[in-house]
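> I'd like to go over a predicted model; first the sequence, then the structure.
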Amino acid sequence: MLHHLRGFTLPPLAVAGISLTMGLISGCGQRSTEAEVTRRDITARLVVEGEVIAPATARADIMPPYEVPVEQVYVTVGQNVRQGETLLLFSAPRNQAYYEQARARLVQARQALAQAQNRFSRQLQAAQQRLARSREAERAARTAQAAPPSATPSPEGGGAAPSSPTPAANSARIGSLIARRQADEQAVIDAQARMEEGLVPYQQALAAAQQDFASAQAGSKSAQVKSPITGTVLEVNAEMGKTPDLDDDDPLITVVNLDALHVAAGIHQDQLRQIRPGDVAEVTLEDLPNVRFEGTVDQVYTEKAGFLRGQRYVAIIDFRNTEGRAKPDMDATVRIVTGRARDVLAVPASAVYTVGDRHAVRLKRDGRWRERLVEIGLTDGRYTEIISGLREGDIVEANPWSVM
């Protein structure tokens with residue numbers, strides 16, 4: 001689980017400004033050196049922290065169905081199982097009691113699923129209705145803006161006076177409506193995610209209850225518990241001969257599809273504009289420091305989607321879990337590629353510092369160092385793109401603060 005604050009790294013341009021000044025304080029003891037302005041490729045990355053999660057469809061926690069002894073456990077931790085494979089066997093010496101428990105569990109499972117469906121559906125419908133209203137308000141405002149201005153007689157009789165809002169006021173209102181519509185679109189995305197994730201445990205519970213009730217109806221003296229998904233057994237708490245406690249929150253067996261894991265990473269609000277679905281990402285895990293996993297950004301949700309507590313915005317990263325080495329709850333670091341610049345002018349990142357709200361370097365001219373304001377682009381932490389202010393072959397001073 002997360003043990004420290006997540007998702008509050010700075011965006012690349014901020015890194016180019018703040019970290020190139022504040023971060024460079026650590027270089028105060030370094031010697032000032034000369035560096036030539038050259039051309040190179042730069043890849044900017046946004047680094048965020050998160051944890052590995054298993055989506056609801058990729059995880060099955062087998063809870064005790066009724067209070068009868070466990071007769072046989074067929075799986076061990078680390079074993080791969082297929083959907084429908086028997087995990088354990090319950091004995092049922094009292095057929096009538098077994099039948100009544102199975103029937104009651106089936107009724108409860110059906111009711112729980114129906115209630116969950118109603119709850120999630122209401123939330124989704126409410127979000128969709130808000131979005132429809134905000135879209136209509138935006139369309140109406142845009143139509144009004146495009147219409148020719150109307151005029152009304154002046155109260156003093158001095159001619160016509162415009163009755164419609166000024167263009168600036170109209171633009172401000174449309175901007176506000178756009179922001180509201182975008183927020184409502186995000187709310188629909190969050191509600192859909194909550195519904196998709198939230199219904200899975202209820203659906204799995206109902207499928208298991210239907211299976212148990214069918215066995216009870218057939219008069220079976222034992223009940224098999226089968227895996228609802230294909231995956232790897234990560235936890236076994238069932239013991240042969242022991243009767244499970246229905247009030248115990250620990251699952252008897254946990255099965256996870258390790259090929260379907262995600263990383264949920266905290267994203268600061270200022271970083272939202274930098275990432276989009278499909279962006280390439282690299283995942284490293286604290287428990288596997290020398291292993292790198294390839295991934296992509298799947299979607300960005302708000303805290304209301306419930307993927308990562310304590311984070312206002314969460315990016316879901318799909319990644320290739322090589323050899324199933326990643327496991328749920330592992331701490332992760334994600335490096336998302338936010339931009340690439342090919343064959344651009346660049347200087348060492350340590351050469352750039354800030355002057356007010358501008359960026360500058362120390363440029364060598366006629367044997368003397370002179371301050372030169374520059375416009376910067378992407379940075380990878382080692383080199384920073386120079387959009388304007390320098391020419392290829394210019395000499396700048398790296399670590400200039402060491403002599404300033």
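Sure thing, it's come through.

> Tell me where the model's unsure across this structure.
Along the chain, the model assigns pLDDT under 70 to residues 1-32, 92-95, 149-165, 219-222, 401-404.

> Now do the helices in the protein.
Using DSSP state H, the helices of the chain run over 12-14, 95-146, 167-217.

> Make a markdown table from those helices and add mean neighbour count and distance to residue 266 to it.
All C-beta atoms are positioned from the backbone trio N, CA, C, and that covers glycine. Below are the helices of the chain laid out as a markdown table (neighbours: other C-beta atoms under 10 Å; distance: least, C-beta to C-beta, whole Å):
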| stretch | mean neighbour count | distance to residue 266 |
| --- | --- | --- |
| helix 12-14 | 18 | 17 |
| helix 95-146 | 15 | 23 |
| helix 167-217 | 17 | 15 |
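
> can you put those in a markdown table and add distance to residue 301?
Output for these, formatted as a markdown table (distance: least, C-beta to C-beta, whole Å):
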| stretch | distance to residue 301 |
| --- | --- |
| helix 12-14 | 22 |
| helix 95-146 | 13 |
| helix 167-217 | 5 |
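
> Looking at the ones you listed, which is nearest to residue 237?
Shortest distance between residue 237 and the helices of the chain, using C-beta to C-beta, is found for helix 167-217: 16.6 Å.

> Who are the packing partners of that closest one?
strand 59-62, helix 95-146, strand 222-226, strand 288-302 (3 or more C-beta pairs under 8 Å, 6 or more residues apart in numbering; DSSP states H and E).

> so which of these comes closest to residue 281?
The nearest among the helices and strands packed on helix 167-217, by C-beta to C-beta, is strand 288-302 at 4.4 Å.

> Who are the packing partners of the closest one?
Taking 3+ C-beta pairs under 8 Å, 6+ apart as the contact cut, strand 288-302 packs with helix 167-217, strand 262-267, strand 280-285, strand 313-319.

> ok now that strand, how far from the chain's centre?
9 Å (C-alpha atoms, centre = their mean, to the nearest Å).

> How about stretch 249-264?
For stretch 249-264, the distance to the chain centre is 18 Å (C-alpha atoms, centre = their mean).

> Grab the CA positions of that stretch and hand them over as CSV.
Extracted in CSV, the C-alpha atoms of stretch 249-264 (Å, rounded to 0.1, in the frame of the first residue of the first chain):
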residue,chain,number,x,y,z
ASP,A,249,-13.4,-10.6,6.5
ASP,A,250,-10.4,-12.7,5.2
PRO,A,251,-11.1,-14.6,2.0
LEU,A,252,-10.6,-18.4,2.1
ILE,A,253,-8.8,-18.2,-1.3
THR,A,254,-7.8,-15.2,-3.5
VAL,A,255,-7.2,-15.7,-7.2
VAL,A,256,-5.8,-12.8,-9.3
ASN,A,257,-5.2,-12.6,-13.1
LEU,A,258,-1.7,-11.2,-13.0
ASP,A,259,-1.9,-10.4,-16.7
ALA,A,260,-4.6,-7.8,-16.1
LEU,A,261,-3.0,-5.7,-13.4
HIS,A,262,-2.9,-1.9,-13.6
VAL,A,263,-1.0,0.8,-11.8
ALA,A,264,-3.1,3.6,-10.2
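
> May I see the buried residues of it?
For stretch 249-264, burial by neighbour count (16 or more other C-beta atoms under 10 Å) applies to 251-258, 260-264.

> CSV please, covering the helices and strands packed on strand 288-302 and showing distance to residue 107.
CSV is the format used below for these (distance: least, C-beta to C-beta, whole Å):
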stretch, distance to residue 107
helix 167-217, 8
strand 262-267, 34
strand 280-285, 43
strand 313-319, 35
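
> before we move on, the earlier item: of the helices of the chain, which approaches residue 247 most closely?
The nearest among the helices of the chain, by C-beta to C-beta, is helix 95-146 at 14.6 Å.

> now the angle from that closest one to helix 167-217?
170 degrees (axes from the mean of the first three to the mean of the last three C-alpha atoms, to 10 degrees).

> name the helices or strands packed onto helix 95-146?
helix 167-217.

> repeat that with 10 Å
If contacts are counted by 3 or more C-beta pairs under 10 Å, 6 or more residues apart in numbering; DSSP states H and E, helix 95-146 sits against helix 167-217, strand 222-226.

> Good, we can wrap up now.
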